[in-house]
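> kindly generate the corresponding structure for this input.
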Amino acid sequence: MADATTSERQLPLAKRLWIYQAERIPLAKTALLLAVFSAASVNVSAFFADRPLPGWGAYATAFLVSLVLFIQLRACDEYKDLADDKLYRPERPIPRGLVSLRLILGIGFGLVPVAIAVTFAYHPPLLLLLGLVWLWLALMTVEFFVPDWLKTRAVLYLVSHMAIMPLLDLFVTGAEWLPSGEGPAPALALFLVLSFVNGCVLEIGRKVNAPAQEREGVDSYSKLWGIPRALLVWQALVVLALALLIGVGLQTGHPILTAVPGLAMAAIALWTAHTMRQEPSAERQKRLDTVSGLWVFVCYTAAGFAPLAASFGGGA
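Residues are numbered from 1 along each chain as shown. This is a model prediction of the structure:
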């Protein structure tokens, strides 16, 4: 292991960064999910207000800045988790010496002017919403100045950290409604809540472990609540997200086209959790994590593109 680590450190920087992204923020998968998320959010904002879809600049800005923010979110996680990673997860890229924390933070800070330039070039007032996301990200990074108190309150910790999802979606949808001069549609609040719930689905889905996967010093919802209760919470969140998705479909005027893929994916998700509850294993935990991401992918695809499919096919 030591020889392998030493060999890794001697690789060119580009190769080490490629390994890092593959382990910590797979860019291909992340970019695909963010492309669907950002485009769907822009579409929904327009659909809710009965406005025509905006030009390509809105979609490009929403996607590029979302990608920057997710990279920065990972960099901030590396900073706040470093002490625990050194103790309990030494195999991660920074503790094992693949890359330095300074490098990853440097990349995160270096992307700040990129996001500002992209946003300013598209619509300068949108910088206010970007600043709001960065402010919350900064507060998350310092655990709202009460790290020990917050970490003993799992639900509050989850809520406070997943609140960044609707804030991000406020920025993304703002790429549509802010330049319109008309403001957001009242129904947009429904979509922002859906983003929050989907964030919770992703977060809990990756932290429900089989007993053999639990590690000292590493928090998980299965360790905190037990596997059955953690999975029940996860399933409840999927059902709540499905209800919100159907509500979005009602608001866009295409409830059936929106609901059908959501119902199908929700059934798969609920069954996946059931099998994990019956026989927890590392393989089934991985499947639960994957299904969490697929749920979010299908959810945003249905919300943002069902009305477009209806316009081509004449569906409901």
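
> low-confidence regions, the stretch 151-300 of the chain specifically.
In the prediction, the stretch 151-300 of the chain carries no residues with pLDDT under 70.

> ranges for the helices of it?
With DSSP state H, counting those that start in this stretch applied, the stretch 151-300 of the chain shows helices at 154-162, 164-180, 188-205, 221-225, 227-252, 255-278, 282-313, listed in chain order.

> export those helices as CSV, with columns for mean neighbour count and distance to Pro12.
Where C-beta positions appear, they are placed from N, C-alpha and C, glycine not excepted. Formatted as CSV, the helices of the stretch 151-300 of the chain follow (neighbours: other C-beta atoms under 10 Å; distance: least, C-beta to C-beta, whole Å):
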stretch, mean neighbour count, distance to Pro12
helix 154-162, 16, 35
helix 164-180, 24, 33
helix 188-205, 22, 33
helix 221-225, 18, 39
helix 227-252, 20, 41
helix 255-278, 18, 40
helix 282-313, 19, 31
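
> do you know which of those helices lies nearest Ser45?
Proximity to Ser45 (C-beta to C-beta) singles out helix 164-180 among the helices of the stretch 151-300 of the chain, at 3.9 Å.

> and that closest one, how far out from the chain middle?
Centroid separation for helix 164-180 versus its chain: 15 Å, with C-alpha atoms, centre = their mean, to the nearest Å.

> which outside residues touch that helix?
Contacts with helix 164-180, where a contact means C-beta atoms under 8 Å, 6 or more residues apart in numbering, come from 37-38, 41-42, 44-46, 49, 51, 54, 58-59, 61-62, 65-66, 69, 73, 122-123, 125-126, 129-130, 132-133, 136-137, 140, 183-185, 188, 191-193, 195-196, 198-199.

> please pick the buried ones from those.
Buried subset of those (neighbour count, 16 or more other C-beta atoms under 10 Å): 37-38, 41-42, 44-46, 49, 54, 58-59, 61-62, 65-66, 69, 73, 122, 126, 129-130, 132-133, 136-137, 140, 184-185, 188, 191-193, 195-196, 198-199.

> residue contacts, the residue positioned nearest the centre of the chain?
Among the residues of the chain, the one closest to the centroid is Gly199, at 5.5 Å (C-alpha atoms, centre = their mean). Going by C-beta under 8 Å, 6+ apart, Gly199 touches Met162, Ile164, Met165.

> so can I have a markdown table of those showing distance to Leu294?
Shown next, in a markdown table, are the contacts of Gly199 (distance: C-beta to C-beta, whole Å):
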| residue | distance to Leu294 |
| --- | --- |
| Met162 | 19 |
| Ile164 | 22 |
| Met165 | 17 |
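
> who are the neighbours in contact with Ala266?
Val238, Val239, Ala241, Leu242, Trp295.

> let's see it at 10 Å
Gln235, Val238, Val239, Ala241, Leu242, Ala243, Leu245, Ala259, Trp295, Val298, Cys299 (C-beta atoms under 10 Å, 6 or more residues apart in numbering).
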